[in-house]
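>>> here is my input; please provide its structure:
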Amino acid sequence: MDTLLDLLNSRPLVNGEEQDALGAPATGRRWAREHGGEGSLAELALLRQARNVLQDVVRGESSPTALSPLLEGVHQIPEITSDGLQWTVRTPPHARLAVEAVLAWAATEQQLPGRLRPCANVECQLFLLDRSRANRARWCSMAVCGNREKARRHYERTR
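Presented below is the predicted three-dimensional model:
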């Protein structure tokens, strides 16, 4: 799930400017390697595509079926081990990280439905995974986005 959130949040706004961790080859390669990838140009292109589609799906702008092209050529192979049944994912090497992100999204939707969502701050492009008991988290960061929103509401009330 960490890789999924890191991928979704790899294009944040910093001081009003978008910073794309996958944009330039050098920074993209670093991001991919930090997450267990190889950093090839093909891998980066697929990661950018996966990020864009996953963001649209999480925002509700696209149907989950939009993820289908990312899973072409992917197979899950069952293996019986001493620990029980284990599934091994077989995918082209450059597609592994993108496929893992899609599978993490599917697992999150199954285990924690509705808890992966965009930040409620309209000026923020980040996503959060709500782990609260009440399922009422709205901000990617209470210290940043939550505080800004509360300050904005306070300013509007006192104006």
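>>> show me where this protein has its strands.
Secondary structure of the chain, counting by DSSP state E: strands at 13-14, 17-18, 75-81, 84-90, 116-118, 127-129.
>>> which residues touch the first one?
It stands for strand 13-14. Under the criterion Cβ atoms under 8 Å, 6 or more residues apart in numbering, residues Gln19, Glu123, Cys124, Gln125 lie in contact with strand 13-14. C-betas here are computed from N, CA, C, even on glycine.
>>> what do you get if the cut-off is 7 Å, keeping everything else the same?
The list of residues contacting strand 13-14 from outside it, by Cβ atoms under 7 Å, 6 or more residues apart in numbering, reads Glu123, Cys124, Gln125.
>>> and the fourth one, by the same measure?
The contact list for strand 84-90, computed with Cβ under 7 Å, 6+ apart, reads Val74, His75, Gln76, Ile77, Pro78, Glu79, Val99, Leu103.
>>> of the residues you listed, keep whichever come out buried.
Applying a neighbour-count criterion of 16 or more other Cβ atoms under 10 Å, the buried members of the contacts of strand 84-90 are Val74, Val99, Leu103.
>>> report pLDDT for the second one.
Looking back up the chat, that one is Val99. Val99 is assigned a predicted lDDT (pLDDT) of 97.
>>> thought it was touching Thr91?
Yes. Val99 is within contact range of Thr91, at 4.8 Å (criterion: Cβ atoms under 7 Å).
>>> re earlier: using TSV, please lay out the strands of the chain together with mean pLDDT and distance to Thr65.
Formatted as TSV, the strands of the chain follow (pLDDT from 0 to 100; distance: least, Cβ to Cβ, whole Å):
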stretch	mean pLDDT	distance to Thr65
strand 13-14	84	29
strand 17-18	90	28
strand 75-81	94	19
strand 84-90	93	20
strand 116-118	95	18
strand 127-129	94	20
